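Engineer: make a model of this:
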Amino acid sequence: MQLNIFGQTFEYRNDRSELEAMLQKIFAMVAESDRQLSHLVIDGVEVYDEMEAYMEERIDSIRTIDVVAVTIEEYIRDVFQTMHSYLTRALPEIERIIDEFYQTPSEHTWIRFEQMLEGIQWINQVLYWLAEHPQHPFDRQALARIRETLAEQLRQLLEAVEAGDSILIADLIQYEVKPLWKDIIEQVNVNVVN
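Structural biologist: A predicted model of the protein is given here:
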């Protein structure tokens, strides 16, 4: 298989034993270029997550892997755009979750609630990453406050789940999670527009 990165081409055998060396090559070259790995294009398919697992599953048939790396500034802008899109799409869903928890939550409600919790964890990871990169326009104290608030909300939600209190879950989402998400959207709006 062919690895294309920064105008250079490297050949690797289609063998699992080659994956580690290839990934090390990718990460080393990206780090040396002071860029951030955005994604891989593997035989024409854009792969953003679980790249190694994707390659392992298709190791016998991969022909080309193109590395897409961007500047930190471009990556941060993309992160803000993704976060803005996610939060904007999630708000109407949160409204439905709140309504359903005030009623009797169905199995489908619980699945969507779990997805919301995964979203909270993703936001937390993004905020942590941003806090570690000084090139972003947020101030570190604001990021720390948001992360602390998210962690506290997550803890309270988990306690409400353990207690089986669907009204408390709805209240926490309505009066704690939703306002914070709106605040985050406002902060992200500034960075997406600029």
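Engineer: next, the buried residues of the lengthiest helix in the chain.
Structural biologist: The residue-count maximum for a helix in the chain (DSSP state H) belongs to helix 72-102. For helix 72-102, the neighbour count (16 or more other Cβ atoms under 10 Å) marks 75-77, 79-80, 83-84, 86-87, 90, 94, 97-98, 100-101 as buried. C-beta here means a position set from N, CA and C on the backbone, and glycine is covered the same way.
Engineer: for the record, mean pLDDT for that helix?
Structural biologist: For helix 72-102, mean pLDDT rounds to 89.
Engineer: distance from the helix or strand of the chain with the lowest mean pLDDT to the middle of the chain?
Structural biologist: None of the helices or strands of the chain scores lower by mean pLDDT, DSSP states H and E than helix 178-193, at a mean of 78. Remark: helix 178-193 is offset 16 Å from the chain centroid, using Cα atoms, centre = their mean, to the nearest Å.
Engineer: any weak-confidence spans in this structure?
Structural biologist: Within the chain, the stretches with pLDDT under 70 are 134-140, 190-194.
Engineer: can you show me the strands along it?
Structural biologist: In the chain, the segments counted as strands under DSSP state E are 2-5, 8-11, 35-42, 45-47, 64-71.
Engineer: tally of neighbours for residue 125?
Structural biologist: Counted by other Cβ atoms under 10 Å, the residues lying close to residue 125 total 11.
Engineer: that should have said residue 181, apologies.
Structural biologist: Applying other Cβ under 10 Å, we find 22 residues neighbouring residue 181.
Engineer: which residues touch it?
Structural biologist: 87, 90, 91, 94 (Cβ atoms under 8 Å, 6 or more residues apart in numbering).
Engineer: can you list the domains in the chain?
Structural biologist: 2-71, 74-193 (automatic domain parsing).
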